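In: task: produce atomic coordinates for the following.
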Amino acid sequence: MKPKHHLEKKQKKLTKQKSKCKPCVVCMVYETNNHSYIKIMKQGNYQHDSLFGRLFSLKSELQKATLIAFALLSSVGGMASSHREAPLISSDPLADNTDLYAFRSPENTNKVTIIACYIPVELPFGGPNYVSFGEDIRYEVHVDNDVSTPGDDITYRFTFSKVNQDPTTFFNIRLGQENLKTSYNLQRSLDGGATWTTIVTNGIVPPNNIGDRSITSGVGLGATSYNALMTSAITTASTGEKVFCGPSDDPFFVDLGGIFDLGDAPRQNGGTVRDGLARRNVHSICLQIDIATLQKDNKPVSMAANILDSDYVIGVWASASRPATRTLNLDGTLDDTGAWIQVSRLGMPLTNEAVVPVGSKDLWNSLTPYQDLANIATFGNYFYNPELALYMDNSLFGGAVPAFCQLRVQRNSLQGFDFGNGQNGLYGLKGSAAVAGTALDDAIFGTLLLPAANSPRSVDIWPIFHTGVPNLAPYHLATGKNGNPLANGKPFINNFLPNGGDMLRLNMAVPITPRNSARFSSDGIIAAAVAGLTNPLYNKNTSLQFIPNMDGFPNGRRLEDDVTRIELQAVAGVALAAIGLWYDDYQAGSPNPVTNSLVNVLSYSTGVEKNDTTFKTSFPYVQTPWSGTAVE
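Out: Numbers count the residues shown, from 1 in each chain. Alright, predicted model coming up:
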């Protein structure tokens, strides 16, 4: 196991002090558990506040002198955050990591594609200053392939720079010249960041897809098409990786309005379902990497022992970091200095949106996945007893969220196991002969998976996010178990990398499901489980064989995977049902476990099940960004 890193948890405090400035100025110094900052007011008129929660200064003339106000970040992790779901990062969209994908490349199965998206909900017509990657941000993609080594085994670092080719115009593009023209350098580390090698220099970032006059006309760039610009921006690193950085369609799909309106998904009472990210863009960092590069011993996938070979499991996460100090200068420029501070983090989708509560979001985002185990006392219960499960339980608050009426957690599975929040789940079996030799045995992984009483979802929700799922009993399909959920059954997943950190885990040995196959499903591993339980092609024995969609989320994440639906089904206990811990309306010993409760969970839908456009069939797979003149 990797060494644990500890972050001291302090009580928040807030103090306010008047400065010794001249009487016309009041500087308020605020201190919290992780940082301090100064709010500057002039004769009661608010001038400026800490923008990203790091060191900022404001310069203004006071009696022909310059006042510089500083706010000093006192803790390295203090203001780190991730994704738009956390309060602090919502003020810093350029560093906001929106989504992360990792999948075996469909058209070249010797490679894996990793896509990290940033800058949420971009308006295609968001001129005159269209957004792009930030110059003062380190965007990083991290890979862990060996739990015996501390920290990252491979890290890719992207840094961007911009130039105005024609600063005399307010247009972004004119007469073949481009303002805010963006390029990047890419470095790679194979030793946890101790040393770095530059593998791409001056990589091209296409401009935003402003409109036809800017992109294809003679008074604009005169390009053949926007797709031609995307293609020309794809480059190959000196170490063989294929790379694309640039704007794209936002590949995520979800009814944002419904989900965050107290779980109104699907919309009730005649409400109209709407993909809140339809016709919106993001900026995507796309890497296509040889499996032999990612595998811990540099073995190609052809050397895998089987399609669930543990040696081919990787954990992936993405981040963004900024310098600790920002100075805003009187002439309109700014200076960024100081240590680099992580401000965004993303592994599994929706962790911070729907699992971690608002009071802990900023702390969660300040940590790396390698610190998660050390902070399990703070965050573990959010996974052991997820809030969403409260709204899937008739004895608690199930009636408060009518849209979740199809989703109900097992409270009396096999007339003996209660997975309701605050109950024991399988903990009553801890240390017994029933779990001997299984993953729940303390001699194996039981200390992680059955850590304490009253932590019912430590056996499914927590490992899905923090360790991956091992190819061990009880984590086999119920096929062949003869009614005993703890027995060996049909293998269907192994993305186990027990470092305890929230990461997107992918077993690179698992074959792909062709995107044009009739058996391809956006329900990911749940579709594979259903086939393994019910389809005669797969449920006749317990032999290891490929079942379509074993390559789907949460074994990695394909662009098409409906992760919102899958995670809500998981909270409702669908993974428990798959291994034989059936729903309450199944009587133990009955021949058919396909009950109404199971059918309800499997047929649940948020109402938005696919992206609003297609995906490309080859790298970088993300679709062309929406044009600013083509959307309403």
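In: low-confidence ranges, this structure, go.
Out: 1-84 (pLDDT under 70).
In: ok, which stretches of it are helices?
Out: Secondary structure of the chain by DSSP state H: the helices cover 212-215, 226-233, 256-259, 291-294, 351-354, 361-366, 376-384, 387-390, 446-449, 461-466, 524-534, 563-571, 574-578, 596-603.
In: can you tell me which of those is most buried?
Out: With neighbours taken as mean count of other C-beta atoms under 10 Å, the helices of the chain reach their highest mean count in helix 574-578, at a mean of 26. To be clear about C-beta, it is placed using only N, CA and C from the backbone, and glycine gets the same treatment.
In: what packs against that one?
Out: Contacts defined by 3 or more C-beta pairs under 8 Å, 6 or more residues apart in numbering; DSSP states H and E place helix 574-578 against helix 524-534, helix 596-603.
In: next, format those as a markdown table and append distance to Tyr427.
Out: Listed next are the helices and strands packed on helix 574-578 as a markdown table, based on distance: least, C-beta to C-beta, whole Å:
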| stretch | distance to Tyr427 |
| --- | --- |
| helix 524-534 | 24 |
| helix 596-603 | 23 |
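In: looking at the ones you listed, which is closest to Arg267?
Out: helix 596-603 (16.8 Å; C-beta to C-beta).
In: the closest one vs helix 563-571, what angle?
Out: Between helix 596-603 and helix 563-571, the angle comes out at 160 degrees (axes from the mean of the first three to the mean of the last three C-alpha atoms, to 10 degrees).
In: what helices or strands is helix 596-603 leaning on?
Out: helix 574-578.
In: just how off-centre is the helix it packs on within its chain?
Out: Mean C-alpha position of helix 574-578 versus that of the full chain (C-alpha atoms, centre = their mean, to the nearest Å) differs by 23 Å.
In: and what of stretch 442-460?
Out: Worked out by C-alpha atoms, centre = their mean, stretch 442-460 lies 24 Å from the chain centre.
In: ok, and what's touching it?
Out: Residues outside stretch 442-460 that contact it (C-beta atoms under 8 Å, 6 or more residues apart in numbering): 380-381, 383-386, 389, 418-427, 429-431, 435, 437-440, 462-463, 467, 470, 472, 474, 498, 500, 570, 573, 575-576.
In: Leu229: which of the helices and strands packed on helix 574-578 is closest?
Out: helix 524-534 (32.5 Å).
In: give me the contacts around the closest one.
Out: Counting by C-beta under 8 Å, 6+ apart, 477-479, 490, 492-493, 519, 521, 537-539, 547-550, 552-555, 558, 561-563, 566, 569, 574-575, 578, 594, 602 sit against helix 524-534.
In: one more time with 6 Å, if that's ok
Out: 477, 479, 490, 492-493, 521, 538-539, 547, 549-550, 552-553, 555, 561, 566, 578 (C-beta atoms under 6 Å, 6 or more residues apart in numbering).
In: circling back to that earlier point, narrow the contacts of stretch 442-460 to those that are buried.
Out: Listed as buried from the contacts of stretch 442-460 are 380-381, 383-386, 389, 418-421, 423-427, 429-430, 435, 438-440, 462-463, 467, 470, 472, 474, 498, 500, 570, 573, 575-576; burial here means 16 or more other C-beta atoms under 10 Å.
In: chain center to the longest strand along the chain, what's the gap?
Out: Using DSSP state E, we find that the single longest strand of the chain is strand 313-328. Distance, stretch centre to chain centre, for strand 313-328: 14 Å (C-alpha atoms, centre = their mean).
In: so which other helices or strands are in contact with that strand?
Out: Where contact means 3 or more C-beta pairs under 6 Å, 6 or more residues apart in numbering; DSSP states H and E, strand 313-328 is packed against strand 97-104, strand 138-144, strand 334-346, strand 504-507.
In: can I get these in a markdown table with mean neighbour count?
Out: Output for those, formatted as a markdown table (neighbours: other C-beta atoms under 10 Å):
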| stretch | mean neighbour count |
| --- | --- |
| strand 97-104 | 26 |
| strand 138-144 | 25 |
| strand 334-346 | 19 |
| strand 504-507 | 28 |
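In: tabulate the ones you listed (JSON lines), appending distance to Asn365.
Out: Putting these into JSON lines (distance: least, C-beta to C-beta, whole Å) gives the following:
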{"stretch": "strand 97-104", "distance to Asn365": "9"}
{"stretch": "strand 138-144", "distance to Asn365": "14"}
{"stretch": "strand 334-346", "distance to Asn365": "5"}
{"stretch": "strand 504-507", "distance to Asn365": "16"}
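In: looking at the ones you listed, which is nearest to Leu277?
Out: So among those, strand 97-104 is nearest, using C-beta to C-beta, at 9.0 Å.
In: end-to-end on stretch 528-540?
Out: Using C-alpha to C-alpha, to the nearest Å, the end-to-end distance of stretch 528-540 comes to 15 Å.
In: before we move on, the earlier item: the helices of the chain: which one's closest to Ser90?
Out: For Ser90, the closest of the helices of the chain is helix 361-366, at 10.0 Å, according to C-beta to C-beta.
In: picking that back up, which one, of the helices and strands packed on strand 313-328, ends up nearest to Ala265?
Out: So among the helices and strands packed on strand 313-328, strand 97-104 is nearest, using C-beta to C-beta, at 18.1 Å.
In: please enumerate residues in contact with the closest one?
Out: Residues contacting strand 97-104 (C-beta under 6 Å, 6+ apart): 82-83, 112-118, 120, 252, 282, 316, 318, 320, 344, 346, 504, 506, 512, 556-559.
In: count of neighbours near Phe520?
Out: Residues lying near Phe520 (other C-beta atoms under 10 Å) number 17.
In: distance from stretch 507-522 to the middle of the chain?
Out: 21 Å.
In: what's the answer for stretch 86-98, then?
Out: Distance, centroid of stretch 86-98 to centroid of chain: 13 Å (C-alpha atoms, centre = their mean).
In: distance between the ends of that stretch?
Out: Termini of stretch 86-98 sit 11 Å apart (C-alpha to C-alpha).
In: ditto for stretch 610-626
Out: 17 Å.
In: any buried residues in that stretch, and which?
Out: 611-612, 615, 619-626.
In: OK, contacts around Ser105?
Out: So Ser105 contacts 111, 113, 288 (C-beta under 6 Å, 6+ apart).
In: keep only those of those residues that are in strands.
Out: Those of the contacts of Ser105 lying in strands (DSSP E): 111, 113, 288.
In: would you list these in a markdown table and tack on neighbour count and distance to Asn209?
Out: What follows is the ones in strands among the contacts of Ser105, written out as a markdown table (neighbours: other C-beta atoms under 10 Å; distance: C-beta to C-beta, whole Å):
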| residue | neighbour count | distance to Asn209 |
| --- | --- | --- |
| Lys111 | 23 | 27 |
| Thr113 | 24 | 22 |
| Gln288 | 23 | 22 |
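In: Thr224: which of the residues you listed is nearest?
Out: Of the ones in strands among the contacts of Ser105, the one sitting nearest to Thr224 (C-beta to C-beta) turns out to be Gln288, at 23.8 Å.
In: which residues touch the closest one?
Out: 105, 111, 113, 242, 619.
In: tell me the phi and psi of the closest residue to Asn208 other than its chain neighbours?
Out: Distances taken as C-beta to C-beta, 6 or more residues apart in numbering put Tyr130 closest to Asn208, at 4.0 Å, once the chain neighbours are dropped. As for Tyr130, its main-chain torsions (degrees, to the nearest 10) stand at phi -70, psi 140.
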